[in-house]
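>>> sequence and predicted structure are below.
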Amino acid sequence: MRVARGAVVRNKICTAEVVAEAISDGATIAVPGTASIMVVDDLLAALERRYLKTGHPAGVTAYVPCNAGFGPGTGVDRFAHPGLLKRYIASAFPVYNNSRLADVIMNAEVEAYNFPMGVLYGLLRDIGAGRPGMLTSVGLGTYVDPRSQGGRMNSRTTEDLVEFVSVGGREYLFYRAHPIHVTLLKATTADEAGNLSFESEPLSLGALPLALAAKGSGGKVYVQVERIVARGGIHPRAVVVPGHLVDGIVLAPDAPQSAEARHDPTITGEVRAALPTRPLEAGSLRAIIARAAADLRGGWLVNLGVGLPANLPVLLHETDLESEVVITTEHGGINGLPKPLPAFGAHVNPEAILDPPSVFDMYDGGVIDATLLGLAQADAAGDVNVSMFGGRLMGCGGFIDITARTRNIFFCGTLTAGGSKTAICDGRLVIEQEGKIRKLVGEVEQRTFNGRNALQKGQKVRIVTERGLFLLTERGWVLTEVAPGVDPRRDIAPFMDFELSISERLGVYESEVMMVAGDAFTNWLRSRIRETNLAESATA
């Protein structure tokens with residue numbers, strides 16, 4: 001049946017099986033999600049069932065800006081059949097044990113590319129607009145650079161999807177656009193015309209760019225929703241994806257909001273919770289966050305990575321400093337308390353929720369003052385690895401985008417991993433058990449961060465550990481401060497794979513860093529963030 005221009009196909013409601021049947025062999029399928037948020041599991045389960053029953057669709061490409069799943073065998077793990085999946089393009093990979101997808105990639109049974117999250121979101125907009133690709137400096141000098149690995153994650157992956165180019169005498173990477181044949185989305189509400197709202201979703205995760213990329217490629221958009229209302233039942237300003245972009249609606253009323261809850265209104269802005277929802281325990285890990293926080297300044301916009309750095313808002317809340325800096329994570333939340341895995345990306349009590357492509361525009365523009373991130377490995381050259389190490393496939397996520405132009409970078413974590421145990425006794429650090437895994441290595445297994453490039457751009461880069469703080473200089477990492485009770489030659493140098501360089505003016509963590517809590521700590525941190533900022537403003 002031919003549909004007149006401007007007309008709306010009213011009967012868009014269908015089943016997940018109908019959606020799966022509509023996907024052709026060789027299709028490129030784009031899906032949203034981060035950790036266990038916005039997982040289109042009902043649609044992916046139907047796709048997997050069809051493949052296991054019929055062998056179709058075969059040879060598909062999955063385009064996943066981040067990563068999504070509730071656990072092994074769910075979410076993007078459902079792609080992990082070598083006949084079904086030909087190529088996987090993502091910024092991150094499942095981090096839980098027994099992931100089939102990680103196995104088929106590491107065993108080179110499918111092709112796999114790992115590109116920065118912001119690039120993958122930005123590329124969707126280029127695909128939707130019919131542009132040839134994305135030109136950016138993000139990824140230069142890392143494993144994404146085609147002069148290194150070009151983002152290829154195994155021996156089976158040979159095609160170049162990114163090019164090194166020079167424009168106006170400056171170096172860039174050009175990420176090539178390619179068609180998106182099918183986009184699968186998850187929303188809260190659809191009306192009968194297909195208009196979508198996301199009121200019970202903590203994030204929108206590029207839903208509109210995902211839809212536009214498919215439609216701009218001549219493809220289809222299908223969505224699973226919790227409820228369907230009459231046409232016009234959604235306020236126009238609440239519509240994130242308009243109905244003319246939607247081809248099919250699948251009712252999935254029992255789909256969880258995340259692996260943590262069926263529905264948590266505190267992460268959607270519907271209800272405000274009392275903070276902190278989890279206490280920041282006293283000890284050496286708290287000291288790491290406290291030492292990094294001491295170098296923040298009032299009015300700064302600060303990005304937080306997953307894991308230990310995401311505890312910063314708890315510390316700021318405890319010290320009544322949460323209004324002094326603005327907290328952001330790349331998935332869209334502004335302020336509030338970032339959730340830990342498996343719901344990282346959502347914020348309790350968010351003040352605003354942006355769409356990730358806009359967040360990465362902000363990051364790429366150099367608006368971020370500081371970022372606190374984790375690290376798996378750092379080497380003598382100043383390079384850092386978080387993406388692939390020790391046989392583990394993690395992916396870069398937004399790490400490469402975030403560090404590209406942020407002025408102050410704090411890599412936070414313990415000096416060693418794998419069983420390290422430390423404690424604070426009488427204001428001094430005590431090492432109770434040494435970790436089996438060294439983080440300061442001779443050469444990183446994969447370069448997710450290029451230290452030399454950072455120095456050329458004038459970025460200030462630090463590694464903050466429980467034992468000391470390292471500053472990146474032209475001669476590599478230099479130990480500039482140690483925790484009370486730490487002997488650098490005894491407690492640090494033997495657990496590095498390169499020579500320890502110690503500043504001639506080696507300092508000691510201020511005693512307040514090692515404090516458990518109390519007014520003295522609160523007043524100290526408040527003065528560091530507020531008064532130092534005032535002093536710097538006066539001399540600017």
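Everything's here; your move. Numbering: from 1, shown residues only.

>>> and Arg286, what element?
helix 284-293 (DSSP states H and E).

>>> helices of the stretch 101-250 of the chain, residue ranges please.
Assigned by DSSP state H, counting those that start in this stretch, the helices in the stretch 101-250 of the chain fall at 117-128, 207-216.

>>> export those helices to TSV and tack on distance to Glu474, mean neighbour count and mean pLDDT?
(Each C-beta comes from the backbone N, C-alpha and C, glycine too.) Shown next, in TSV, are those (distance: least, C-beta to C-beta, whole Å; neighbours: other C-beta atoms under 10 Å; pLDDT from 0 to 100):
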stretch	distance to Glu474	mean neighbour count	mean pLDDT
helix 117-128	29	26	98
helix 207-216	40	25	98
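
>>> of all those helices, which one is nearest Pro256?
Of all the helices of the stretch 101-250 of the chain, helix 207-216 sits nearest to Pro256, with 17.9 Å by C-beta to C-beta.

>>> give me the angle between that closest one and helix 117-128.
Orientation check (axes from the mean of the first three to the mean of the last three C-alpha atoms, to 10 degrees): helix 207-216 against helix 117-128 gives 40 degrees.

>>> for helix 207-216, name the packing helices and strands.
strand 28-30, helix 117-128, strand 182-191, strand 220-229 (3 or more C-beta pairs under 8 Å, 6 or more residues apart in numbering; DSSP states H and E).

>>> go ahead and confirm Pro276 touches Leu315.
No: assessed by C-beta atoms under 8 Å, Pro276 is found out of contact with Leu315, at 9.1 Å.

>>> tell me where the model's unsure across the stretch 151-300 of the chain.
277-279 (pLDDT under 70).

>>> hmm, try it at 80
275-282 (pLDDT under 80).

>>> list the residues that contact the nearest residue to Leu415 once chain neighbours are set aside.
In space, and not counting its chain neighbours, Leu415 is closest to Thr465: 4.5 Å by C-beta to C-beta, 6 or more residues apart in numbering. Listed by C-beta atoms under 8 Å, 6 or more residues apart in numbering, the contact set of Thr465 reads 288, 412-415.

>>> show me the two of these that sit farthest apart.
Cys412 and Leu415 (11.5 Å).

>>> what about His56, how many neighbours?
17 (other C-beta atoms under 10 Å).

>>> swap in Lys439?
Per other C-beta under 10 Å, the neighbour tally for Lys439 reads 28.

>>> need the contact list for it.
375-378, 413-417.

>>> among Pro276 and Leu315, which residue is more densely surrounded?
Leu315 (20 against 16).

>>> how far away is Lys53 from Tyr222?
19 Å (C-beta to C-beta, to the nearest Å).

>>> which one's more surrounded, the two?
Tyr222 (25 against 9).

>>> separation between that one and Glu48?
Distance from Tyr222 to Glu48, by C-beta to C-beta: 15 Å.

>>> same check, this time on Met394
24 Å.

>>> cool, and Lys220?
With distances taken as C-beta to C-beta, Lys220 is found 19 Å from Glu48.

>>> and the helix holding Arg286, what does it pack against?
Counting contacts by 3+ C-beta pairs under 8 Å, 6+ apart, helix 284-293 packs against helix 312-318, strand 408-412, strand 421-425, strand 460-464, helix 519-539.

>>> among the ones you listed, which is nearest Pro132?
Comparing the helices and strands packed on helix 284-293 by C-beta to C-beta, strand 408-412 comes nearest, at 32.0 Å.

>>> dump the C-alpha coordinates for the closest one into CSV.
Extracted as CSV, the C-alpha positions of strand 408-412 are listed here (Å, rounded to 0.1, in the frame of the first residue of the first chain):
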residue,chain,number,x,y,z
ASN,A,408,42.9,18.8,34.8
ILE,A,409,43.0,15.0,34.7
PHE,A,410,43.1,12.9,37.9
PHE,A,411,43.7,9.1,37.5
CYS,A,412,42.5,7.7,40.8
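
>>> can you add distance to Arg227 and give the contacts of Thr465 back as JSON lines?
Shown next, in JSON lines, are the contacts of Thr465 (distance: C-beta to C-beta, whole Å):
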{"residue": "Ile288", "distance to Arg227": "44"}
{"residue": "Cys412", "distance to Arg227": "42"}
{"residue": "Gly413", "distance to Arg227": "43"}
{"residue": "Thr414", "distance to Arg227": "46"}
{"residue": "Leu415", "distance to Arg227": "51"}
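
>>> what is the nearest of those residues to Val461?
Cys412 (12.1 Å).

>>> who's the closest one bridged to?
Bridge pairing for Cys412 (DSSP bridges) gives the partners Val464.

>>> what about it, distance to Leu285?
As judged by C-beta to C-beta, Cys412 and Leu285 stand 9 Å apart.

>>> what's the answer for Arg131, then?
45 Å.

>>> can you list the domains in the chain?
Following automatic domain parsing, the chain resolves into domains at 13-251, 284-539.

>>> weakest of the ones you listed in terms of mean pLDDT?
If you rank the domains of the chain by mean pLDDT, domain 284-539 sits at the bottom with a mean of 93.

>>> my read: Met38 touches Leu203, true?
Yes: using C-beta under 8 Å, Met38 is in contact with Leu203, at 6.4 Å.

>>> need the helices of the stretch 101-250 of the chain in JSON lines (columns: distance to Thr266).
As requested, the helices of the stretch 101-250 of the chain are exported to JSON lines (distance: least, C-beta to C-beta, whole Å):
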{"stretch": "helix 117-128", "distance to Thr266": "25"}
{"stretch": "helix 207-216", "distance to Thr266": "22"}
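
>>> nearest to Gly299, out of the ones you listed?
With respect to Gly299, and counting by C-beta to C-beta, the nearest of the helices of the stretch 101-250 of the chain is helix 117-128 at 23.9 Å.

>>> let me know the angle separating the closest one from strand 182-191.
Interaxial angle of helix 117-128 relative to strand 182-191 (the same axes, to 10 degrees): 90 degrees.

>>> return the list of helices and strands in contact with helix 117-128.
strand 133-136, helix 207-216, helix 356-364, helix 399-405.

>>> got the buried residues for the first one?
Going back to what we said before, that points to strand 133-136. For strand 133-136, a neighbour-count test (16 or more other C-beta atoms under 10 Å) marks 133-134, 136 as buried.

>>> before we move on, what about stretch 511-522?
Residues of stretch 511-522 classed as buried by neighbour count (16+ other C-beta under 10 Å): 512-515, 521-522.
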